[in-house]
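> Model the structure of this input:
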Amino acid sequence: MKAATQTNPSDAVQPSRRVIGFVVLVAALGYFVDIFDLLLFGLVRKDSLRELMQAELAGKSPAEVDALIASTSIVLDNILQTSGLLVGGLVWGIIADRSGRMKVLFGSILTYSVANLLNAWVTDVHQYGALRFVAGFGLAGELGAGITLVSELVGRERRGLATTFVAAVGILGAVAGYFVTQLVSWRGAFTIGGLLGLSLLVLPGLWVMVKLAFAEYLLVLRGYTPLAALRGSLTLSAGHFWPLLACLLAVLLPLWLLDWWVYQLVGEAPTAWLSLLLDSANGFLQLFLTLVMLRYFILIENSPSVRPDLA
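Now for the predicted structure:
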């Protein structure tokens, strides 16, 4: 009689170290933005409510003003935002069990980022309160999914270090929030918080852009099929992510700054001929990026230790 075979959990396919590192980085940065946004209202509540409640506060004594702002703050923070956190924790938890924690991670980041951007444009307390509820709803998803995802992916021997790293980066969000509110207005602070969250959604696209940087050269110069070119680029770029990213940014950032500076000089609505000339010049300068990446491609491809065998 044959013994029943049991599947060892350790035999299951595990994600690569790079994928785990990427998830830990996104979770840590997400915690940074989470804490930044979570504490932001408490840092700007007086200035924001004084501006939004000018009609209600007109003619009142300083003591009455402080009392009215305090009571309104309790409603917005302790009731609406906290209720959003509670409801969000339940809803995002159900979604995570059905669709996966990675979707919750990025979905919640998008939710609270958009809410904080809209907070910068509110015109009354009712809009402010509704958006604080939505922001709390989104923040709850990232708070739960981030640490849970890291705990599930990282091995037991490094799990404590990974979660500590995520928490430490998150605490820095509180420090950053304080200094930001000292430098910009409350509307500017909410705008920065929203943009910080949206920037996290750029990371996956940035990773794909770097990892597939050589696909066009393999496709055009080596005659690979599209699928083979994608696989070849992933193989060639292995271990070269940061140098490749540095090359891309070293070329693109100066071009973007130059483009911005030129349009500041000529205005936002140049003539058709001038716009055509500027776009042509910008496209010509971007050819430098193609030359840099082509040189990098040739250097890596000629290295026997990393050349992919995709024939």
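
> Correct me if wrong: Thr181 contacts Lys46.
No - assessed by Cβ atoms under 8 Å, Thr181 is found out of contact with Lys46, at 10.7 Å. Yep, even glycine has a C-beta here, placed from its N, CA and C like the rest.

> Could you check which of the two has the larger neighbour count?
A count of neighbours by other Cβ atoms under 10 Å puts Thr181 above the other of Thr181 and Lys46, at 20 against 15.

> With adjacent residues omitted, what lies nearest to the more buried one?
Leu43 (4.5 Å; Cβ to Cβ, 6 or more residues apart in numbering).

> measure the one you found to Val184 for me?
From Leu43 over to Val184 the distance is 11 Å, taken as Cβ to Cβ, to the nearest Å.

> Neighbour count for these two, which is higher?
Shown here are Leu43 and Val184; by other Cβ under 10 Å, Leu43 has more neighbours (18 against 14).

> Point out where the chain drops to low pLDDT.
Under the criterion pLDDT under 70, the flagged ranges of the chain are 1-16, 18-19, 267-269, 303-311.

> Helices of that one, start to end?
Using DSSP state H, the helices found in the chain span residues 17-52, 54-57, 62-73, 82-99, 101-119, 125-153, 156-183, 186-200, 202-211, 215-220, 226-236, 241-266, 272-301.

> so who does the residue sitting nearest the centre point of the chain touch?
In the chain, the residue lying closest to the centroid (Cα atoms, centre = their mean) is Leu200, at 0.7 Å. Contacts of Leu200 were listed using Cβ atoms under 8 Å, 6 or more residues apart in numbering, and they are Val26, Leu29, Gly30, Val33, Phe106, Ile109, Ser113.

> contacting residues for the spatially closest residue to the last one that is not a sequence neighbour?
When you say that, I think you mean Ser113. Of all residues not flanking Ser113 in the chain, Gly197 sits nearest, at 3.0 Å (Cβ to Cβ, 6+ apart). Listed by Cβ under 8 Å, 6+ apart, the contact partners of Gly197 are Gly30, Val33, Asp37, Ile109, Leu110, Tyr112, Ser113, Asn116.

> which of those residues lies closest to Leu278?
Of all the contacts of Gly197, Ser113 has the smallest distance to Leu278: 31.7 Å, by Cβ to Cβ.

> check contacts around the closest one.
Here Ser113 is in contact with Val33, Gly138, Gly193, Gly194, Leu195, Leu196, Gly197, Leu198, Leu200, Leu201 (Cβ under 8 Å, 6+ apart).

> Make TSV out of those residues and add distance to Leu258.
Listed next are the contacts of Ser113 as TSV, based on distance: Cβ to Cβ, whole Å:
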residue	distance to Leu258
Val33	30
Gly138	36
Gly193	29
Gly194	27
Leu195	22
Leu196	26
Gly197	28
Leu198	24
Leu200	27
Leu201	26
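
> are any of those buried, and which?
Buried residues within the contacts of Ser113, counting neighbours by 16 or more other Cβ atoms under 10 Å: Val33, Gly138, Gly193, Gly194, Leu196, Gly197, Leu198, Leu200.

> got the contact list for Leu289?
Contact partners of Leu289, counting by Cβ under 8 Å, 6+ apart, are Leu248, Val251, Leu252, Leu255.

> Look up how far Val202 lies from the residue lying closest to the third one once chain neighbours are set aside.
Using Cβ to Cβ, 6+ apart and skipping residues adjacent in sequence, the residue nearest Leu252 is Leu289, 6.6 Å away. Computed as Cβ to Cβ, the Leu289 to Val202 distance reads 18 Å.

> cool, Leu274 as well?
Where Val202 is concerned, Leu274 sits at a distance of 31 Å (Cβ to Cβ).

> any idea how far Leu161 is from Gly155?
10 Å.

> Then Glu216?
39 Å.

> just Ser199 next, same as before
Taken as Cβ to Cβ, the span from Ser199 to Leu161 is 25 Å.

> Who has more neighbours out of these two?
Ser199 (14 against 11).
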